[in-house]
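Q: heads up, no residue letters with this:
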Ligand code: NAD
């Protein structure tokens, strides 16, 4: 069993740390966010992720999992250090690598032995090389540092399940011995592993995410055409999806993709394409289609009110960018709320997990009883029956095809 440190306790870092401790490794997670670390130390996960709290408590209890704000303490015993910090989108579309660069410096200034740095964050081709350069430039001890690219594919809302049952683990290493070591780390999970070099591993992540985003935008364009020509897009998706070469997953039409990954990762690969004189035309189009879905949905609501929503009570069911998560990053709900409020609408919203927006109320009933129309924005399972019931009595704009019509 190995001694591991994980930098960043967000969706990826925390889940990685917890699962590695569950399979027997000793893991110290580090974060610069004091509130997160406080909460984690008390056994409470700062993010909503089914199954995470129980697993966390169990491994804290077994002394295999701990949390700290001190890089020195985290790296004291670690032979492997994971980087799982954010890589948000910058103005240009390229990922902002400032957290990555800082994490690299933190490693250089605080490790005390030879270390394998495993990069879980989604980063553009060449970033692992950059991390190596930064670490070597700032190292203050005589240690050998190897870098391995190990991109993450978990889905928020299923993060624990996905980590135990991943389709594959990608290990991008320049040295066979170092790649073997990381393969050994994951061995208890008994998952398929694909070995490659660092740059290919970095690209696999972007190419995979962009492909899924394209699939979503594709079905959304088909959905819009189906609506015009009187065809059920859900039947079309089922018919397409039964072809094993296509598959049914990611053929769910609606408000499009959101969240912390697809929007920024599609922008990042599009940027990389532009920078290298190789425009990513399909991906650029998928990005446009995705935004248009939200605009078209908004326009349907505005049309219903003859373009005048001043003082209109509009209820929103679902805020998170998808069910089973509390993540609001790039959620269509945010765009819709902003646009409706800007036009003078009175917006009330309910989400089973997201509770902190000013428009949030305590129950679905409160939204239904006080609204003129309902916008179904996130397809939480618990909305299914309610939406079916109320759709007989009031107007529901079904952004997720929950009513199947
Ligand atoms: P996040 O924003 O939820 O968490 C990042 C954490 O890193 C934060 O808690 C932050 O305080 C901490 N941090 C930043 N700099 C630090 C430093 N120097 N030292 C210690 N802690 C530091 O991010 P996330 O959603 O977990 O994503 C992390 C990476 O994984 C991103 O590159 C993302 O694209 C990728 N990814 C995310 C998902 C997902 O579903 N969220 C899936 C696959 C890949």
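A: Yep, it's here. What you see is a predicted model, and the numbers here were worked out from it, not measured in a lab.

Q: Give the rounded mean pLDDT of stretch 3-17.
A: Across stretch 3-17, pLDDT averages out at 97.

Q: so how far does that stretch reach from one end to the other?
A: Taking C-alpha to C-alpha, to the nearest Å, stretch 3-17 runs 11 Å from one end to the other.

Q: Which residues in that stretch does the neighbour count mark as buried?
A: 4-17 (16 or more other C-beta atoms under 10 Å). For every residue, glycine as well, the C-beta is placed using N, CA and C.

Q: One more: stretch 305-315?
A: Buried, per 16+ other C-beta under 10 Å, within stretch 305-315: 309, 312, 314, 315.

Q: The second one touches residue 341, doesn't it?
A: No. Residue 312 lies out of contact with residue 341 (C-beta atoms under 8 Å); the separation is 11.2 Å.

Q: For residue 193, give me its contacts.
A: 168, 169, 170, 171, 183, 186 (C-beta atoms under 8 Å, 6 or more residues apart in numbering).

Q: And these, which two are furthest apart?
A: Across the contacts of residue 193, the longest distance by C-beta to C-beta is 12.1 Å; it joins 168 and 183.

Q: between the buried residues of stretch 3-17, which is nearest residue 396?
A: Using C-beta to C-beta, the buried residues of stretch 3-17 come closest to residue 396 at residue 11, 30.9 Å.

Q: if I pick that closest one, what's in contact with it?
A: Per C-beta under 8 Å, 6+ apart, neighbours of residue 11: 47, 49, 154, 156, 159, 260, 327.

Q: Tabulate those in CSV, adding columns for distance to residue 196, pLDDT and neighbour count.
A: Compiled in CSV, the contacts of residue 11 are given as follows (distance: C-beta to C-beta, whole Å; pLDDT from 0 to 100; neighbours: other C-beta atoms under 10 Å):
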residue, distance to residue 196, pLDDT, neighbour count
47, 30, 90, 17
49, 29, 91, 24
154, 20, 96, 20
156, 26, 90, 24
159, 24, 96, 25
260, 25, 88, 23
327, 29, 90, 24
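
Q: Among those, name the ones in helices.
A: residue 159 (DSSP state H).

Q: For the protein, which helix extends over the most residues?
A: helix 198-229.

Q: Please name every helix or strand in contact with that helix.
A: helix 127-138, strand 145-149, strand 169-173, helix 233-241, helix 262-275, helix 281-304 (3 or more C-beta pairs under 8 Å, 6 or more residues apart in numbering; DSSP states H and E).

Q: out of those, which comes closest to the ligand?
A: When the helices and strands packed on helix 198-229 are compared by C-beta to the nearest ligand atom, helix 262-275 sits nearest the ligand, at 6.7 Å.

Q: Just the angle for the closest one relative to helix 198-229, thanks.
A: Angle of helix 262-275 versus helix 198-229, following axes from the mean of the first three to the mean of the last three C-alpha atoms, to 10 degrees, is 110 degrees.

Q: Can you tell me what sits against helix 262-275?
A: Counting by C-beta under 8 Å, 6+ apart, 87-89, 92-95, 122, 124-125, 205-207, 209-210, 212-213, 216, 257, 279-280, 283-284, 286-287, 290, 330 sit against helix 262-275.
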